[in-house]
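Visitor: can't give you the sequence, but here's the structure:
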């Protein structure tokens, strides 16, 4: 039991050290990117640091498999060089038995990432988007899908507009909204105009509204008598067709706890739910995938240094880890496109990784 706790503590310590070093480097690179991205907005250093720190949790959530395999490599190379693995085997404990504590820690870290880190990363990602849109356009551009339809909020030169559409069509480069209702806000003056239109077509930097009726909402007007009907009406926008299409199916900023509701709302709104279903299963399989990363690292580094070839073994472990990570992402894309079942796309790569690495470990231990 004491030996198990010793291995678990060593693994967790290296996990924290590698996490701190890697995320410091990532944050410095991201800070430089924020300086470049918001150069025209002339933001203060505190604002740039705030944006950088908001990206830490999503980045750590993304880099966790790499951190896990590096931790495993550093741990077992160190144990091999100090001959602690030799002593462990001499005491009658197999190498696979010594691997159990790191696997337990990896599974617990995976559960923490699933239940806690994922919602934090989603919240900070949403806050980053909100601040970034505010710095660029003077107001956040947000998107939301519900059973009532599609909701958009955009920045305009005079303020903001809230757009509600009961239907959506994305044909090629065109974005067409159907049965549209728009509320325009100017600064702190509150709502200034309401517009209803049959369709809204995004063309360049404008929405082209067809068969539109506009009501002024400012003080001093009787709305209905001051209403105007337009065959076509242009409304400026900061949105783009690519951004709208990407955001409607985007999974960033949705926590694991909100994904079931997002799947239901997407389905009731008439949109494909494949991307959300695959993401939900992939997140549930994350602890298993982190366990697979530990097994990948251990299968090449649980060997005595006197055999030589440590550098090649480390390189092989890292390359195999990247390969499995790529396979998982590729399977996720296939699942999103409906070419493979959702369960196979999410659970197939980690299960296959575990079976492969267990075979390598059993061959190395038992011959």
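Guide: Nice, I can see it. What you see is a predicted model; the values in this text were computed from it and never measured.
Visitor: buried ones in the top helix by length along the chain, by neighbour count?
Guide: In the chain, taking DSSP state H as the definition, the longest helix is helix 2-37. By 16 or more other Cβ atoms under 10 Å, the buried positions in helix 2-37 come out as 7-8, 10-12, 14-15, 18-19, 22-23, 26-27, 30-31, 34, 37. (C-beta placed from N, C-alpha, C; glycine too.)
Visitor: C-terminal to that helix, what's the next element?
Guide: Next in sequence after helix 2-37, counting helices and strands by DSSP states H and E, comes helix 45-54.
Visitor: next, the angle helix 2-37 makes with that following helix.
Guide: Here helix 45-54 runs at an angle of 140 degrees relative to helix 2-37 (axes from the mean of the first three to the mean of the last three Cα atoms, to 10 degrees).
Visitor: name the residues that touch helix 45-54?
Guide: 27, 30-31, 34-35, 38, 124-125, 127-128, 131-132, 135 (Cβ atoms under 8 Å, 6 or more residues apart in numbering).
Visitor: now the strands for the stretch 101-250 of the chain?
Guide: Secondary structure of the stretch 101-250 of the chain, counting by DSSP state E, counting those that start in this stretch: strands at 142-146, 149-156, 159-171, 174-186, 191-203, 206-216, 228-236.
Visitor: in what helix or strand does residue 64 lie?
Guide: Counting by DSSP H and E, residue 64 is part of helix 56-81.
Visitor: quick check: mean pLDDT of that helix?
Guide: For helix 56-81, mean pLDDT is 89.
Visitor: what's the answer for stretch 109-121, then?
Guide: The model assigns stretch 109-121 a mean pLDDT of 94.
Visitor: and that stretch, which residues are buried?
Guide: 109, 110, 113, 114, 117, 118, 119, 120, 121.
Visitor: what's the answer for stretch 184-198, then?
Guide: Buried, per 16+ other Cβ under 10 Å, within stretch 184-198: 184, 185, 186, 192, 193, 194, 195, 197.
Visitor: what is the end-to-end distance of it?
Guide: 17 Å (Cα to Cα, to the nearest Å).
Visitor: centroid residue for this protein?
Guide: residue 252 (4.5 Å; Cα atoms, centre = their mean).
Visitor: can you name the two of the buried residues of stretch 184-198 that are farthest apart?
Guide: 186 and 197 (19.6 Å; Cβ to Cβ).
Visitor: pLDDT score assigned to the residue located most distally from the centre of the chain?
Guide: For the chain, the residue at maximal distance from the C-alpha centroid (Cα atoms, centre = their mean) is residue 225, at 49.2 Å. pLDDT, residue 225: 73.
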